[in-house]
Structures are given as C-alpha cells and as structure tokens.
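In: here's my sequence, what's the structure:
(chains A and B)
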Amino acid sequence: ETGVTQSPTHLIKTRGQQVTLRCSSQSGHNTVSWYQQALGQGPQFIFQYYREEENGRGNFPPRFSGLQFPNYSSELNVNALELDDSALYLCASSSRGQANYGYTFGSGTRLTVV
Amino acid sequence: QQQVKQSPQSLIVQKGGISIINCAYENTAFDYFPWYQQFPGKGPALLIAIRPDVSEKKEGRFTISFNKSAKQFSLHIMDSQPGDSATYFCAASRDGSARQLTFGSGTQLTVLP
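Out: This next block holds a predicted model:
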C-alpha cells in the first residue's frame, strides 16, 4: 500500500508568481484535501476534492485553486503569490465512507515566497 | 476565529512520565476529535481519535479523555519515551461530506532520556 506522495518537496518562488503543487493519493482513497501549515502553527484547511469537484472550502481566497484527476491525484495552484503564502502545504487523502474518516497526510511541500 | 484552543505550547517530561495535552473547542457541532503526531519534515499522522458518545478511549500508551459538557478533550501519554518527542495537534470536525479538520496550534513535546 503506497502512501500519499507530494512534489516537489521544496520550492522557492518570487512574489507575484504562480505555483503548482502535486499530490498522489494513497491507493484506494478517492478524496483529497489540501492544508496550509504556517511555521509553528496547526494546518489550516484549504479545500477538498471528491469526484473531481471541489467539495468544501476553507477561508482562502480564489487565487487558491485545485484540480482532482480521474486517478484521484490532485494539484494545488496558487496565483499572484504573496509573502504570507510561505508555508508547508499538506495533501491528505481519505476514502469517502470510511468509518473513521482517517486522513493520510503526505510529507508536504515547503513553499518559500521571496 | 480559533475554534480549537490547545495547551500547553510546549511540554518537557522525563522518560517514564505522563504527558498531558489539553484542548478546548467552541463549536458544539463537532463530532469527531482526532489527535495527530508530527515529526520534523513529515506530515501529521493520526494517533488516536474519539467521538462524543464515549468519555475515554485508550490505545496502548495513548488515552483520550473527553468532557462533552465542558467542551474539552485531552491526550495522555503514559510512560513517555524519547521517541514520543514530536509536535502533537488536536483537531475537530463535524459530520458532513467535507470532513474539514480544524486543528489546534500544536504542542511541542520533548521527552528527556
């Protein structure tokens, strides 16, 4: 059973640029959620995708967008990067209908905006 | 609005001691309360979780105590080991299709050998 894999592991971007982060779900999982974790803070929910559609969104502006593909992998896109977007971005997969709703998190992508 | 408040921010215990981390929530619609463990450079990993229909759940050295009337829950780590040194997050969510987790701010636990 493979876990959740994210790429790249680290990334440096310039303010105003756009970035795409990628995530491969754990085998058997059909739901992908993205979280932003600022340094020293708990993760904050960005959004979730199920059946290739956004299914729940946290308090993040529209310049944060995503995609889910038929193989349940996902992308997080952030436009017009701001310095405050510097954070660890975590992807988590789960299986709709699973009793404990347990997420499996990836190790994250560390994004630095300069 | 911070809906899950976690304390303490950091905790140092001796090997073999008991580590206790507390969380309080505001939203009475929450019905799922997991604890996550995070090591540096890794994503959070589910440790143990509880639902409000029970007051305590134990898995090995880890126990969740839940007080629905006080809207509080806590993690107890018995016989703490140096390998338990990590950041611990409480979280909460409510039933629904998105299962959006609201995390606490984290507790950095250090277990001294």
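
In: buried stuff in the lowest-mean-pLDDT helix or strand in chain B?
Out: In chain B, no helix or strand scores lower on mean pLDDT, DSSP states H and E than strand B:45-50, which sits at a mean of 92. By 16 or more other Cβ atoms under 10 Å in any protein chain shown, the buried positions in strand B:45-50 come out as B:46, B:47, B:48, B:49, B:50. All C-beta atoms are positioned from the backbone trio N, CA, C, and that covers glycine.

In: and if you look at stretch A:4-19?
Out: For stretch A:4-19, a neighbour-count test (16+ other Cβ under 10 Å) marks A:4, A:6, A:13, A:19 as buried.

In: ok, now stretch A:107-114?
Out: Neighbour-count burial for stretch A:107-114 [16+ other Cβ under 10 Å]: A:107, A:108, A:109, A:110, A:111, A:113.

In: now that stretch, how far from the centre of its chain.
Out: 11 Å (Cα atoms, centre = their mean, to the nearest Å).

In: so, in contact with chain B or not, that stretch?
Out: Yes: Stretch A:107-114 is in contact with chain B by Cβ under 8 Å from any Cβ of the partner chain, via A:107, A:108.

In: pLDDT on that stretch, on average?
Out: Within the predicted structure, the mean pLDDT of stretch A:107-114 is 97.

In: tabulate the CA atom coordinates of that stretch in PDB.
Out: The C-alpha trace of stretch A:107-114 is given here as PDB (Å, rounded to 0.1, in the frame of the first residue of the first chain):
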ATOM      1  CA  SER A 107       5.100  15.000   4.000                       C
ATOM      2  CA  GLY A 108       4.200  18.300   2.300                       C
ATOM      3  CA  THR A 109       5.800  20.800   0.000                       C
ATOM      4  CA  ARG A 110       7.700  23.600   1.700                       C
ATOM      5  CA  LEU A 111       7.000  26.800  -0.300                       C
ATOM      6  CA  THR A 112       9.000  29.900   0.300                       C
ATOM      7  CA  VAL A 113       8.000  33.200  -1.400                       C
ATOM      8  CA  VAL A 114      10.600  35.800  -1.600                       C
END
